[in-house]
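Undergrad: Show me how the following folds:
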Amino acid sequence: MTEYNAAHIQVLEGAAVARKRPGMYIGSTGASGLHQLLYEALDPAAEAALRGRASRIEVTLTVDGGARVGHDGRPDENLPEQLARFWTPPRQAGPRVYLTRFGTGLFTVNALSTRLVAEQHRDGAAVHHAYARGELLAPPTETGATDRTGTTITFHPDPEIFETVAFDYPTLADHLRELSLLNRELDFTLTDERSTPPRTERFHHPAGLVDFTTRLGGDPAQTLTVVTEDERMGGALEFALSWTGRGGVHCYANSRRTGEGTHLTGFRAGLRAALLPRLGRHALRALSGELTAVVSVKLDDPDYQGCIRDVLGNHPVHACTAEAVRHAVEAWLGEHPERAAELAGAGR
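TA: Coordinates of the predicted model:
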């Protein structure tokens, strides 16, 4: 028998933890993991904007293969801790909205980059932080005076970790567009300095889910929208519904796309409860017809289930969503009897 004792145990500390098993923190070392790394850098900036501490977020793909994420809000005093170790932010009022699948943050970005530079502008001074593969190169230093606020993170993914270090512009554009549709407060600019001339797009959708359903083929003039908070499920619900476009039902939890879950089953249950009394036997056929909807819940403590954690399991969400959908659809059909007649006719 092979002897096994404490001498065989390898103790990993700091950046070595993430570098040893990167897939545990970003999902893979392929293209999806590379883009996940950028989303982890994006999360703190987007959180600042959602909390009202920043007004805009700029994402730039640099000529030398790096990526830069910056916002104009007041810098976080805990940035050194976020870069040096896994860091859990203190509980704040309202839902904690993670915009990434893994939520491991800047520590993972730092550990899996050949170089990371953070620039903070606060209290009249610019402060420079520099790291190499997660290790601090020198103590943070002031580099001059400044009259603005903000934080910029510039990093270069490590080719020793990733199969490719080339970011794909369309993938990032789709991601930022989706986040801006789900969060009307977010205002993104994406710039690709690798192209000649540089390419820039802005992603900002003050109409939120109405714009989302419109992109899926829904009619904005005939779209029902609801935003509500419910303490029973510990968060907020927003949905938009249009009986045009055949876009199907798209569900999100804390801005993460989910395949199934209690928000989806609750939405379907509420819709059935509202339509059955009005449409009778035609209700189910109307439900499978031209229906486009986006359902978004933002929860203090989301319970993700499934092998890839894409199923929302919070039980109270089902009842709360069903109730909100039923009341909203009943009221809307009462105000638009012609739509109820059209739906009944479509079901024949």
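
Undergrad: use CA for all of it now, contacts and neighbours both
TA: OK.

Undergrad: Low-confidence ranges, the stretch 201-348 of the chain, go.
TA: When residues are selected by pLDDT under 70, those of the stretch 201-348 of the chain lie in 281-289, 345-348.

Undergrad: can you do 90?
TA: Within the stretch 201-348 of the chain, the segments meeting pLDDT under 90 span 221-222, 243-248, 259, 275-291, 300-302, 306-310, 333-348.

Undergrad: And the helices in it?
TA: Taking DSSP state H, counting those that start in this stretch to define them, one finds helices in the stretch 201-348 of the chain at 209-215, 262-279, 283-287, 315-335, 337-346.

Undergrad: how about the ones you listed, which one is nearest T151?
TA: Across the helices of the stretch 201-348 of the chain, T151 has its closest neighbour in helix 209-215 (28.9 Å, C-alpha to C-alpha).

Undergrad: Counting neighbours, which bits of the closest one end up buried?
TA: Neighbour counts over helix 209-215 (16 or more other C-alpha atoms under 10 Å) mark L209, V210, D211, F212, T213, T214 as buried.

Undergrad: What are the structural domain limits within the chain?
TA: 15-203, 209-346 (automatic domain parsing).

Undergrad: I'd like to know which of those is closest to E3.
TA: Between these, domain 15-203 lies closest to E3; by C-alpha to C-alpha that is 24.1 Å.

Undergrad: Tell me, how many residues neighbour Y169?
TA: Neighbourhood size, Y169 [other C-alpha atoms under 10 Å]: 14.

Undergrad: ugh, typo on my part, it should be A340
TA: Residues lying near A340 (other C-alpha under 10 Å) number 19.

Undergrad: gap between it and E330?
TA: 10 Å (C-alpha to C-alpha, to the nearest Å).

Undergrad: do the same with G280
TA: Applying C-alpha to C-alpha to G280 and E330 gives a distance of 14 Å.

Undergrad: Comparing the two, which residue is more hemmed in?
TA: Neighbour count, other C-alpha under 10 Å: between G280 and E330, E330 has more, with 19 against 11.

Undergrad: residue contacts, the more buried one?
TA: Neighbouring residues of E330 by C-alpha atoms under 8 Å, 6 or more residues apart in numbering: A274, L275.

Undergrad: let's go with 6 Å and repeat that
TA: Contacts for E330 (C-alpha atoms under 6 Å, 6 or more residues apart in numbering) come out as A274.

Undergrad: Dump the domains of the chain to TSV, plus distance to Y4.
TA: Shown next, in TSV, are the domains of the chain (distance: least, C-alpha to C-alpha, whole Å):
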stretch	distance to Y4
domain 15-203	21
domain 209-346	32
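
Undergrad: Return the most buried member of the helices of the stretch 201-348 of the chain.
TA: Sort these by mean neighbour count, taking mean count of other C-alpha atoms under 10 Å, and helix 209-215 sits at the top with a mean of 23.

Undergrad: Enumerate every residue touching D303.
TA: So D303 contacts L312, G313, N314 (C-alpha under 6 Å, 6+ apart).

Undergrad: Ignore what I typed, I meant R257.
TA: Contacts of R257 by C-alpha under 6 Å, 6+ apart: none found.

Undergrad: if I look at it, how far off is G27?
TA: Taken as C-alpha to C-alpha, the span from R257 to G27 is 16 Å.

Undergrad: again with A273
TA: For A273, the distance to G27 - C-alpha to C-alpha - is 39 Å.

Undergrad: what's the answer for Q120, then?
TA: Taken as C-alpha to C-alpha, the span from Q120 to G27 is 29 Å.

Undergrad: Could you check which of those two is surrounded by more residues?
TA: Taking other C-alpha under 10 Å, Q120 and G27 do not tie; Q120 has more neighbours (27 against 17).

Undergrad: Tell me where the model's unsure across the stretch 51-200 of the chain.
TA: 51-53, 74-78, 81, 84-105, 123.
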